[in-house]
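S.K.: here is my input, please return the structure:
(4 chains)
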Amino acid sequence: MVLNNISANIEKRLRKWSIQGKFSLFIIMLYIIVAVFAPYISIYPHDISSAPPLIPPGGKHFMGTDELGYDLWSQIAYGARISLLIGSLTSILSVIIGSIIGSLSGYLGGWIDKLIMRLVDIMISIPELPLIILLATFLGPSLINIVIVLVIFSWTRTARIVRAQVMVLKNMNYVTSARTYGASAGYLLRVHFLKELFPVLAINAVRLVSKAIIAEASLSFLGLGDPTSKSWGLILNHALGFSGIYHTDFWKWWVVFPWLAISLLVISLAFITRDIEKLCDPNL
Amino acid sequence: MNSVNKSLLKIENLSVQYRHDSEVVQAVSNATFDLNRNEDLGIIGESGCGKSSLVMSILKLLKNATVNGKIIFKGEDILALSESDLNRIRWKDISIAFQNSVEVLNPVLTIEAQICESIKKHYNLSTNELKKKVRYLYEIVGLDNIWLDSYPHQLSGGMLQRILLAMALACNPKILILDEPTTSLDALSKNDLVEMLKKLKQRFGFTIILISHDLDIINALTTKLVVMYNGRIIESGITKEIIDNPCHTYTRGFLNSSPQLYKYKDLWGITSDLGLTLPEKGCSFYYRCPQRAEICLTSVPYLQEVLPNRLIACHKGGIETVLRAENVKKHYMLKNKTIVKALNGVDIILKSGEVVALVGESGSGKSTLAHILAGTIKGDEGKVYFFNKETKNNWATKMIGGMQIVFQDPISATNHRMTVVDVVKEPLDIIKYKDQDYRKERVIEVLTMVHMPVSESFLNRYCYSLSGGQRQRLAIAKALITKPRLLIADEITSMLDPSTQANFLREVKKIQNESGFTLLYITHDLHLARKISDRVYIMQSGKIIEGGPVFKIFDNPKYPYTQKLMKTLELNLSGV
Amino acid sequence: MIIVNRFLEYLLTFIIIISLNFFLPRALPGDPLIQLTADTYDGVLKMTEEQRIYFRDYYNLNLPMHEQYFHYLRNLLRLDLGKSIIYNMPVAEIILKKLHWTSFLVLSSIFITTIFGSILGAISAYFRNRPLDRVIYTKMIVLSEIPAFILGLIFLFVFAARLKLFPLYGAYSYYHDHLNTFQHFKDIIHHAVLPVISLSMARIGSIYFLARNSVVSVMGKKYITTATAKGLTKQRIIVKHALRNAMLPVVTRVFLSIGALIGGTILVENVFAYPGLGMLMQEAVSTRDYPLIQGIFLIVTLLTLSANLIADLVYKKLDPRFS
Amino acid sequence: MSKTGNTIVLILITLLLSALVIGCSDNTVVNHELQNDISTSDSSSDLTNGQVEILRMSGGDSGYPTPWLRGRKGGGNRTINLIYDSLLEKDDKSIIPWLAKEYEILDGGKQYLFTLRDNVIWHDGTPFSAEDVKFTFDYTKDFPMVESPISSTDIENVEVIEPNQVLITVTEIGAPLLERIGKVRIVPKHIWENVDDPNEYEAENATVGTGPYMLADYNKSAGTYKYEAFSEFWGPTPGAKILIRFPVSDGVLALEAGEIDIVRHVPNDLLEKFEADPDYKVVVGPALSGSRLLFNLNGNSLLNEKSLRQAIAYAIDTYELIEKLGRGIGEPSNSGILPPAHNMYNPNVRQYDCDLIKCQELFSVLGYTEQDQSGFVINEKGERISLNLLIGEDSIRSAELVKEQLQRAGIELNIYSMDGSAQETQVREGEFELAIVGHAGLGDDPDYLRERFCVDEEMGRASAQMATIGYYNEYLFTLLSEQRMIMDFEERKNMLYEIQEILAEEVLEIPLYFGYDYTVYRPANYDEWIHEYDARNFTDAKLSYVLYSQWNEKQ
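M.R.: The predicted model follows:
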């Protein structure tokens, strides 16, 4: 009984979504399936050369091969795991951390707010490259380290937006009355602020996904991740780094397919957030 | 013809529909009224009844709404005008002082800029002429010039209202629409506003359209009144007349529940429709109307003239008269042959759904009249009509939905040898209405209505073991079991102690308010009368000398006797 | 009073950032002079041990850390940013000469993104949920996901190389004498078109979405109904009332995004060999050129902090509710 | 728009315009601006003496071209060579006399006597003399140039014997010294003697030299250079009247668009296209650079075993590396370290062509006889041979390929990538087991083998920064230090042959492969491009910018 009313209300909600929204959901499902079943659906191994280098798509290698003769499709399938993981983890974590710090600073105000805002100013003006190299030498290579470093650089944007929003929400009557009942900052955040902030945070999260996937490549080079992990960022980076990639027509598969994978993911996420936004805020 | 040029604004079956994604909301349905030059129109009604939508559609200010029907202003139909023609009329001929909130003004522009804007649009004045004009406007609404270059968020509620007024008067419009001008104002600033508006009206001669649910200001500023319910005009006419004698059950309910008019009366709103979906066709007030009947569901009632320039939209022609008595006389022959004229020529009208108090000193013939009306005593002369049918051999009291009477003395009202259930279901037994189970069920129903226990043991108790208050409640229950349309209560609480009396009266009023029957409440206690009744009749030695709405009779009685009576209210027996 | 302690706050932050700028590069593994002579790529510098010591003292890299720090602060006060190790030129000179090209790109792309982003946002808000809005909306989503440098590469190959509409590289045609400054001006614009457009295309998405949401919410406000009731024309209402209020969030977002824009410009400058700060940052870090790293990051910090400050001031000026 | 709105827009516009005005005002820094309009002049060669009107090439910003102010990035000396001459030069065969028309090696290499050319004058007209040479060597003692191939401690003293003869005595005999002394740029005494700090000296006459070109303009913001031919140059006529260098986005595109005349690093996949097109000429210098695998014997005890290093050498397939990384173009690895194009290359040293059976034999010698299920060799304790490879950020592709090749042989390789400089620091400090680093300048004097493999006493390790660590072989060290002293080419060559045999046997380093760097130019515009015998780059060689072939016949 419980099941069908859950599915009913999901179905009810879904009906209101635009076609692009539904199509994007389908794509996200597809990505997850590909990521999970990568070993089974990729005919060739992703890290052993299985064909002559740089053959155009055709026959068994329907996405062609890269300069070392690795099959591109299996690389993208394996890469999906890492890119999706990093993309989602980074955006979720930095949105959470950003909103917590942002709402604390917006809600508490006073010197805490000043302290956090100045910290944000410092974080924004610190140049990324040297800090990455520094962290790489201390942290060493692992997936979590990449996420940590990416989060360090991306939480400030969300914090700033959330702080502004919370400062407006703080004076709403329903918040002041909740406070009279002795509601704690955590309660207010959970019950009132987050619901209000959800659309803004969702858009931010989507934008971060694409940035994280592309940034992961450079981080892996500098020693934070596994440089042979074949994430989409890495494939794209090797392709763009190949000398003469634009003069020959290798880019037609070596650059196009990974870039397509990234932007298709991001575009469908963008449509999903737009529909969520519409549900949360009818007049948009 | 002269009426045409005199008529300033004519609205012909205007209807407004809002579209939210899929469903369509009907905000106003074919409202029709017209407004002449020297008249000021008031529009009252519950919030959400469509008054704002009606007014806003006059200047086509509604977003994602379809408006059809005609709005004739100076011979042109505003709705058919092009945007540019409409812009010539907006604010120049018709302007609006919006509901008082800071949202209505642009937060980033100074007040002066927002006022000058409209003047610049409609008149081309030089800059210092403009400055002079704005200063003049500030002066007439009683504001200091220092506030000119301030921003909306820096103003108090009262000041904001004056600014909105100044802005509305900027282009000295022909029609000034005021949307809930006094909502957030205290009494003092409300009076200032009313005085100011009156002065301005004399000076500029604009016609006012006032939307409000504050009857004081409606009373003070408007000559014509329109009452709206659920998007429809259900009553329109002269303001004074409507307030004194509302003809539509909704209007009466609306007026009765406003503390401005009935200053001492307990607060009782119109019963809510319990969220039941409104009937598609038929009167939308059906579920809340005390005198609803099948006919009300047949079709949508349209406005018809019921009294001189009074229109009502009700299948039953407005509030029914439940009982009419004409020229009732009654004499008693005492032993020493002296004739006591208990009643000599009493005329009384009881309308459906109202609480009427019959007040008078003891011995003024109140009880006798009650008994004659109820048919327990035969009057010597005069006729009594129940729903316009003369009452003979009390047909009116032995039917469902008829008339019932409850006597003063609770003890004699119930036979102490009968059990509670028998006493209460006696009327049904007599008229052999349906079967025993139904009657028992009805007993339980009415007993719960009067907050009496309904356990089996209590039902079979004998009445002698009950207290006076309980016996009186039984009497009421017995009267209510037949769902009467008129209940005559003859001094029913005088025997009760104040606390039981208070609870008892509150319950009676609650039941009356919910089921909608008319209550004739006979008492000598003016305080009680003022507390629960809508209208009052004053009796003195067998004649009704004065009658009318409570606030009229109690606040400025005409007859000396009544004035004397009213003084007793202020009397403080402790002689302080 | 508020302005003063606001200024103190920013000063304190600035000092912290300057110290970070000093310690961060030095914490990186590797030493500038050794790095340059590791014979790992073509045409690498030959430097004898004796020379390395001479230049180590010349750049006083031999002093203990705290002494170097005081040297750095003292020179900073005298606005002397020291000499770049790889360019062998005063850092201030390098940066100032290249900064105005980068700021030219950044400012013009800000100009374009704000103007077109807001106009497109207003249009699509005005025709909300009608076909035009849906078309613009989807285009914007797709467009704003393409990184600036990929767009740059596409433009370089299509418009510059194949169609020869625009020059292939540089900020102006080198060593080509023009008749007058107007000619020269035109030439600069001609060279700047592709970099600015690829930068703006990547940024316009975020401004568009913000403007669209903001205009939609403003159009719903009550003072817009008041304005219509006053009989004002549609255009006047949009310009005087709607846009003024809708622009508030857009303006602050624009100033706040200056920091991110500089990052984006680096890659685009590299694609078009535009003589801005461009790859200077990457080069300085990979060769551990401490003075150059400190100089560039100082300038970037100054730009970001002043952008924040301007954002605050402008917002206060525009929205009376906050001043 | 209200007052404030307008002001903001105004500020933005003024900022924009001011940026522009500053931009275009300072594009000339130094020297006079040539008024003739260059772009329209046709660049076809002037039929009479082969000198073309203008020569355009792409190049980065290497700073202000004086020996003390030039940038330290690669290619810095290119900008200086055209202005300042050195005593000797190099053509595509050997060292040739330049400012010094003859040179004599006296006292077995202790002294070098240079007789200078006569009628050589500086750009500002003052005559060139031996005084300038002596002054240059003394001056650089106190103020070393940005790049100097020889350190002042190597030179005992410099005497002017005749107005056109200079005698230089070195502290210690060394075969490479001649070529290094010959490379020092000679600066005018009459200018620099009264310059107390050359690192700040930027006056107009700072760029006065004797070379074939004079600096016409250097733009600091755009990093562009313009040279003019020096009409009274003593040597071969300068190849072009005007020569300009500027940064371009993509060299190939610029060449095809006719905006530059020569481009280096042409992607291997485009070679057929250019070879087929008569307008272009494809040339290539010797394969003298690439990347190499280093060992740290202290890092992992297993690497002390010569047979393991040999097994690794057998496992690496240099031909597959060439096919995939070099796109089929490159020279196979040479276990003797010196590239085949080197004049002392020993062709008959032991080579390690890819041979998995030999690997298995070597593994069994070390006790790794079985294989586990994923194909790695294991010893009786079941341990695999698992090695860590440390690489810089841009050699990931070669690392992946090497990992795959070692995996085929049965060795497990874990790759750790880092920022380039961080990796070099780790390698220098010996925190690695295997490492891939680049190697360049392999055509130079073979003394670099000594720097790489001979442990320097005080430093306790090889003097070169990037070298294998922990290998000690007394006999090899003596050979390496002695070869430096032998002045006679043939004798030194035999010793180096023996050194290369030891290196081949010991496998201290494995060059992955030697890459070619193709250059393409338009012969119709200018066809004098040559490369120095020990380098592969055509645009670096000074003789490419003068009509050397004509001049050479006349000598």
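S.K.: so who does the single nearest residue of the stretch 151-300 of chain C relative to chain B touch?
M.R.: Proximity of the stretch 151-300 of chain C to chain B (C-beta to the nearest C-beta) peaks at C:G231, 3.3 Å away. To be clear about C-beta, it is placed using only N, CA and C from the backbone, and glycine gets the same treatment. Going by C-beta atoms under 8 Å, 6 or more residues apart in numbering or on different chains, C:G231 touches B:L86, B:N87, B:R88, B:I89, B:R90, B:W91, B:K92, B:S118, B:K121, B:H122.
S.K.: just give the nearest non-adjacent residue to it, would you?
M.R.: By the measure of C-beta to C-beta, 6 or more residues apart in numbering or on different chains, the closest residue to C:G231 outside its immediate chain neighbours is B:R90, 3.3 Å from it.
S.K.: burial of that neighbour, as a residue count?
M.R.: 28 (other C-beta atoms under 10 Å in any protein chain shown).
S.K.: now the residue of the stretch 1-150 of chain A found nearest chain D. Nearest residue, chain neighbours left out?
M.R.: Closest residue of the stretch 1-150 of chain A to chain D, C-beta to the nearest C-beta: A:I133 (4.6 Å). Once flanking residues are discounted, A:I133 sits nearest to D:D419: 4.6 Å by C-beta to C-beta, 6+ apart.
S.K.: now do C:H178
M.R.: That would be C:H184: by C-beta to C-beta, 6+ apart, it lies 4.5 Å from C:H178.
S.K.: D:M495 too?
M.R.: The shortest distance from D:M495 to any non-neighbouring residue, by C-beta to C-beta, 6+ apart, is to D:Q483 (4.5 Å).
S.K.: the one you found touches D:F453, doesn't it?
M.R.: No: D:Q483 lies out of contact with D:F453 (C-beta atoms under 8 Å); the separation is 11.6 Å.
S.K.: my guess is the residue nearest to C:H178 contacts C:Y172, does it?
M.R.: Yes: counting by C-beta under 8 Å, C:H184 touches C:Y172, with 6.8 Å between them.
S.K.: more neighbours: those two, which one.
M.R.: Set C:H184 next to C:Y172 and count neighbours by other C-beta under 10 Å: C:Y172 wins out with 23 against 20.
S.K.: quick one: the more buried one is in a strand?
M.R.: No: with DSSP: H, G, I helix; E, B strand; the rest coil as the criterion, C:Y172 is assigned coil and is not in a strand.
S.K.: what does the model give it for pLDDT?
M.R.: Confidence at C:Y172, expressed as pLDDT, is 85.
S.K.: any idea how far it is from C:H100?
M.R.: Distance, C:Y172 to C:H100, using C-beta to C-beta, to the nearest Å: 13 Å.
S.K.: so what's D:I96 up against?
M.R.: In this structure, D:I96 makes contact with D:L88, D:E89, D:K90, judged by C-beta under 8 Å, 6+ apart.
S.K.: which one of the residues you listed is nearest chain C?
M.R.: D:K90 (14.5 Å).
S.K.: for the residue lying closest to D:E275 once chain neighbours are set aside, which three-state class applies?
M.R.: Spatial nearest neighbour of D:E275, chain neighbours left out: D:V282 (5.2 Å); criterion: C-beta to C-beta, 6+ apart. Taken by three-state DSSP, the conformation at D:V282 corresponds to strand.
S.K.: for the helix or strand that contains D:K493, name the packing helices and strands.
M.R.: Per DSSP states H and E, D:K493 falls inside helix D:489-506. Applying 3 or more C-beta pairs under 8 Å, 6 or more residues apart in numbering or on different chains; DSSP states H and E, one finds that helix D:489-506 makes contact with helix D:306-315, helix D:448-453, helix D:474-483.
S.K.: count of residues packed around whichever residue of the stretch 251-400 of chain D sits closest to chain C?
M.R.: Residue of the stretch 251-400 of chain D nearest chain C, by C-beta to the nearest C-beta: D:L253 (4.7 Å). By other C-beta under 10 Å, the residues close to D:L253 number 21.
S.K.: same question for the one 5 residues further on.
M.R.: Burial measure for D:G258: 12 neighbouring residues, criterion other C-beta under 10 Å.
S.K.: state the pLDDT value of the closest residue to it other than its chain neighbours.
M.R.: Once flanking residues are discounted, D:G258 sits nearest to D:R522: 7.8 Å by C-beta to C-beta, 6+ apart. For D:R522, the model assigns a pLDDT of 90.
S.K.: and A:I10, by the same measure?
M.R.: 66.
S.K.: what's the first helix or strand after the helix or strand of chain A with the lowest mean pLDDT?
M.R.: Taking mean pLDDT, DSSP states H and E as the measure, chain A has helix A:2-15 as its least confident helix or strand, at a mean of 66. Once helix A:2-15 ends, the next helix or strand along the chain (criterion: DSSP H and E) is helix A:19-36.
S.K.: what residues sit buried inside that next one?
M.R.: A:Q20, A:G21, A:S24, A:L25, A:I27, A:Y31, A:V34, A:A35 (16 or more other C-beta atoms under 10 Å in any protein chain shown).
S.K.: same question, stretch D:292-301
M.R.: Here stretch D:292-301 shows D:R292, D:L293, D:L294, D:F295, D:N296, D:L297, D:G299, D:N300 as buried, counting by 16+ other C-beta under 10 Å.
S.K.: which SSE is B:A220 in?
M.R.: Taking DSSP H and E as the criterion, B:A220 maps to helix B:215-221.
S.K.: quick one: distance of that helix to the chain centre.
M.R.: Helix B:215-221 has its C-alpha centroid displaced from the chain centroid by 14 Å (C-alpha atoms, centre = their mean, to the nearest Å).
S.K.: same check, this time on stretch D:85-103
M.R.: How far stretch D:85-103 lies from its chain's middle: 19 Å, per C-alpha atoms, centre = their mean.
S.K.: mean confidence for that stretch?
M.R.: On average, the pLDDT along stretch D:85-103 is 90.
S.K.: and stretch A:38-47, by the same measure?
M.R.: Taken as a whole, stretch A:38-47 has an average pLDDT of 83.
S.K.: that one vs chain D: in contact?
M.R.: Yes: interface with chain D: stretch A:38-47 contributes A:D47 (C-beta under 8 Å from any C-beta of the partner chain).
S.K.: quick one: buried residues of that stretch?
M.R.: A:A38, A:S42, A:Y44, A:H46, A:D47.
S.K.: over to stretch D:149-156?
M.R.: So for stretch D:149-156, counting by 16+ other C-beta under 10 Å, buried means D:P149, D:I150, D:S151, D:S152, D:D154, D:I155.
S.K.: let me know the closest of those residues to chain A.
M.R.: Once C-beta to the nearest C-beta is applied, the member of the buried residues of stretch D:149-156 that ends up nearest chain A is D:P149, at 30.6 Å.
S.K.: report the separation between that closest one and D:I173.
M.R.: From D:P149 across to D:I173, the span is 17 Å (C-beta to C-beta).
S.K.: how about B:I218, what does it touch?
M.R.: Per C-beta under 8 Å, 6+ apart, neighbours of B:I218: B:G42, B:I44, B:L210, B:S212, B:L225, B:T239.
S.K.: right, and the pair among these with maximum separation?
M.R.: B:S212 and B:T239 (11.8 Å; C-beta to C-beta).
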